[in-house]
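1. sequence and predicted model, in that order:
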Amino acid sequence: MSSDKKINDPSADNEVVKVKKISPPQLVRGMHDILPAEWPWWNFVMSEVTDLALVYGFQRLETPALEKTSLFTRAIGAATDVVEKEMYSFVDQSGDHLSLRPEYTAGLARAYIEHGLHTWPQPVKIFSLGPLWRHERPQAGRYRQFWQLDFEILGEASATADCQLILAAVALFESLHLPITVQINSVGCSVCRPAYKQALQDYYRTKRSVLCEDCKRRLTKNPLRLLDCKIEEDRELAKQAPQLVDYLCEPCNAHFVKLLEYLDEVELVYQLNPYLVRGLDYYTRTVFEVWGADEGKSALAAGGRYDNLIAELGGQPTPAIGFAGGLERIVAELKTRQVGIPLPSSPDIFLACLGDTARKKAIKLFEDLRRRGIKTAESFTKEGLKSQLEIANRLQVKFTLVIGQKELSDGTIIVRDMENGIQEIVDFNKVVEEVQKRLVAREADTLA
Ligand code: HAM
């Protein structure tokens with residue numbers, strides 16, 4: 001909102017000048033800034049993700065934020081919430097229908113086909129880390145721009161891949177020191193799912209009048225989603241509904257049993273959740289979700305197998321499985337659980353100066369120290385020594401170097417030991433070596 005204000009401007013011959021009061025810009029609803037204080041948490045998660053990727057042999061692949069809208073419609077399913085209601089879609093200047101990616105898997109499947117990744121040794125293990133967009137109703141843990149870490153194993157049909165991927169997900173949360181529970185189900189395949197959908201529709205049709213409006217639509221459009229409606233009455237109904245595991249065809253059943261055997265072998269504790277169906281249409285067989293220990297409102301990570309997706313998009317038949325975790329939710333969980341995270345290490349040296357000539361020397365010295373790998377802080381724009389030393393104290397540096405008028409004319413510099421306050425005068429030309437010597441000695445003292 002902006003309002004016009006009339007003021008008298010003496011320089012304008014007493015003419016009345018209109019000054020526009022500009023309202024400051026605001027975040028788009030559902031989006032958030034990641035301020036510097038947040039980054040220790042974000043960096044912790046990101047570095048654990050990249051470490052884990054290395055250990056399990058995943059290579060990074062990043063796709064663009066924009067893809068053709070048809071990719072998501074085909075991959076995720078036209079009747080899903082994500083495609084029906086949540087995509088940021090537009091027509092660009094060339095008339096192309098584009099969407100901001102609402103998830104990674106579809107774009108990665110496109111990249112797999114487009115770059116001929118089927119010719120690489122299989123399976124291809126890739127991971128991605130970046131922002132995504134969904135026009136959802138904003139609430140705690142649900143944003144319109146959010147970040148995901150995403151891991152995919154492409155080109156492997158056996159339950160070994162399912163087991164390894166689930167173990168990688170569990171290992172990630174272990175390395176983040178977050179207690180979790182894993183829920184698993186099988187959603188079958190195109191052979192066994194139609195009979196199950198029919199059974200579900202038969203069960204729900206008699207109860208149609210008591211279903212919520214969304215579920216009434218799901219009944220014809222996407223019956224599996226009836227099972228994960230969040231409304232209490234509908235959840236009660238779901239408890240009596242036929243279960244997918246009872247309808248699995250022999251190969252799907254064998255796959256599921258094998259996976260559970262593998263997980264039992266490694267003594268992974270998991271929960272079988274017959275109502276877990278997931279909101280994206282490409283899933284076949286295994287689906288799973290990772291929840292925080294107190295099973296808050298929403299999953300920290302989720303995924304599953306998508307054996308038909310790449311063929312449906314026009315690629316070679318390529319079985320695949322993957323999962324994605326939400327960074328905002330993981331960071332929130334780290335804070336709730338008060339997990340200790342590594343803080344950025346403080347600088348060793350603070351460089352203070354008095355006056356403009358000293359500042360010039362200090363700027364040059366800062367570069368010399370940096371080139372030697374000595375972590376140095378400064379506040380060159382501050383004039384007074386007192387305010388500079390206050391910063392040095394706050395940063396808990398080991399030594400402060402001071403260049404004042406006297407030191408300038410003597411060609412020296414003060415080295416102040418911040419632990420005991422002892423100051424020494426050092427030849428300016430030798431200060432880098434002198435500082436290095438002192439830091440090595442201090443390190444040895446701390447280790448002794
Ligand atoms: P998804 O369940 O839609 O799956 O999202 C995975 C995770 O992303 C969720 O568990 C949650 O942590 C986070 N997330 C989703 N939406 C939001 C949101 N609006 N705000 C904050 N966090 C959110 C997928 O996206 C699949 N592509 C996962 C996958 C990979 N399946 C196979 N491969």
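-> Everything's here; your move. Residues are numbered from 1 along each chain as shown.

2. just want the residue of the stretch 151-300 of the chain that's nearest the ligand.
-> In the stretch 151-300 of the chain, the residue that lies nearest the ligand is Ala299 (4.0 Å; C-beta to the nearest ligand atom). C-beta here means a position set from N, CA and C on the backbone, and glycine is covered the same way.

3. so how far is the helix or strand containing Val426 from its chain's centroid?
-> Using DSSP states H and E, Val426 sits in strand 423-427. What separates the centre of strand 423-427 from the centre of its chain is 48 Å, taken as C-alpha atoms, centre = their mean, to the nearest Å.

4. ok, stretch 288-299 next?
-> Counting by C-alpha atoms, centre = their mean, stretch 288-299 comes out at 16 Å from the chain centroid.

5. buried residues of it, list them for me.
-> For stretch 288-299, burial by neighbour count (16 or more other C-beta atoms under 10 Å) applies to Phe288, Glu289, Val290, Trp291, Gly292, Ser298, Ala299.

6. ok, back up a step: ok but the residue of the stretch 151-300 of the chain closest to the ligand is inside a strand, no?
-> No: counting by DSSP: H, G, I helix; E, B strand; the rest coil, Ala299 falls outside a strand, being coil.

7. how about it, what does it touch?
-> For Ala299, the contacting residues are Glu289, Val290, Trp291, Arg329, by C-beta atoms under 8 Å, 6 or more residues apart in numbering.

8. now Leu439, nearest residue through space, not along the chain?
-> Asp348 (5.7 Å; C-beta to C-beta, 6 or more residues apart in numbering).

9. dump the strand holding Val426 to CSV, restricted to CA.
-> Provided in CSV are the C-alpha atoms of strand 423-427 (Å, rounded to 0.1, in the frame of the first residue of the first chain):
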residue,chain,number,x,y,z
GLN,A,423,51.7,-6.7,23.5
GLU,A,424,54.8,-7.0,21.4
ILE,A,425,56.2,-4.7,18.8
VAL,A,426,57.2,-6.6,15.6
ASP,A,427,58.9,-5.6,12.4
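
10. how far off centre is the following helix or strand past it?
-> Downstream of strand 423-427, the next assigned helix or strand under DSSP H and E is helix 431-447. Computed by C-alpha atoms, centre = their mean, the chain-centroid distance of helix 431-447 equals 39 Å.

11. elements contacting helix 431-447?
-> Applying 3 or more C-beta pairs under 8 Å, 6 or more residues apart in numbering; DSSP states H and E, one finds that helix 431-447 contacts helix 356-371, strand 399-403, strand 412-417.

12. need the winner for burial among those.
-> Mean neighbour count (mean count of other C-beta atoms under 10 Å) peaks for strand 399-403 among the helices and strands packed on helix 431-447, with a mean of 24.

13. that strand versus helix 356-371: what angle between them?
-> 140 degrees (axes from the mean of the first three to the mean of the last three C-alpha atoms, to 10 degrees).

14. what's the angle from strand 399-403 to helix 431-447?
-> Going by the same axes, to 10 degrees, strand 399-403 makes 160 degrees with helix 431-447.

15. neighbours of Tyr262, just the number please.
-> 18 (other C-beta atoms under 10 Å).

16. what residues are up against it?
-> So Tyr262 contacts Ala159, Thr160, Asp162, Cys163 (C-beta under 8 Å, 6+ apart).

17. spit out the contact partners of the first one.
-> Okay, so that is Ala159. His255, Phe256, Lys258, Leu259, Tyr262, Thr286.

18. how about low-confidence regions in the protein?
-> Applying pLDDT under 70 to the chain flags residues 1-17.

19. return only those of the contacts of Ala299 found close to the ligand.
-> Arg329 (C-beta under 6 Å from any ligand atom).

20. helices - which of the contacts of Ala299 land there?
-> Arg329 (DSSP state H).

21. just the contacts of Ala299 now: which is nearest Ala168?
-> Here the nearest of the contacts of Ala299 to Ala168, counting by C-beta to C-beta, is Val290; it sits at 11.1 Å.

22. contacting residues around the closest residue to the closest one other than its chain neighbours?
-> Nearest residue to Val290, sequence neighbours excluded (C-beta to C-beta, 6+ apart): Ala301, at 4.1 Å. For Ala301, the contact set (C-beta under 8 Å, 6+ apart) comprises Ala169, Leu172, Phe173, Glu289, Val290, Phe323, Ala324, Gly325, Gly326, Ile330.

23. so what pairs up with Ala301 in the strands?
-> Val290, Gly325 (DSSP bridges).

24. now it: how far from Thr412?
-> Distance, Ala301 to Thr412, by C-beta to C-beta, to the nearest Å: 58 Å.

25. kindly report the residues of the stretch 201-350 of the chain close to the ligand.
-> So far as C-beta under 6 Å from any ligand atom goes, the stretch 201-350 of the chain lies against the ligand at 280, 299-304, 322-326, 328-329.

26. nearest to Ile180, of the residues you listed?
-> For those, the nearest to Ile180 is Leu300 (6.7 Å; C-beta to C-beta).

27. what ranges does the stretch 101-250 of the chain have for its helices?
-> Remark: helices assigned in the stretch 101-250 of the chain by DSSP state H, counting those that start in this stretch are 105-114, 159-175, 193-205, 213-221, 232-240, 250-265.

28. most tightly packed of the ones you listed?
-> helix 105-114 (a mean of 22).

29. other SSEs contacting that helix?
-> strand 66-68, helix 69-76, strand 124-133, strand 145-154, helix 309-312, strand 320-326.

30. as a markdown table, the ones you listed with mean neighbour count and distance to Val191 would be great.
-> Formatted as a markdown table, the helices and strands packed on helix 105-114 follow (neighbours: other C-beta atoms under 10 Å; distance: least, C-beta to C-beta, whole Å):
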| stretch | mean neighbour count | distance to Val191 |
| --- | --- | --- |
| strand 66-68 | 16 | 30 |
| helix 69-76 | 20 | 21 |
| strand 124-133 | 21 | 26 |
| strand 145-154 | 23 | 22 |
| helix 309-312 | 20 | 15 |
| strand 320-326 | 25 | 18 |
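
31. what comes into contact with stretch 333-350?
-> With C-beta under 8 Å, 6+ apart as the test, stretch 333-350 has contacts from 40-41, 44-45, 176-179, 292-293, 296, 300, 369, 374-378, 388, 391-392, 395-401, 435, 439.
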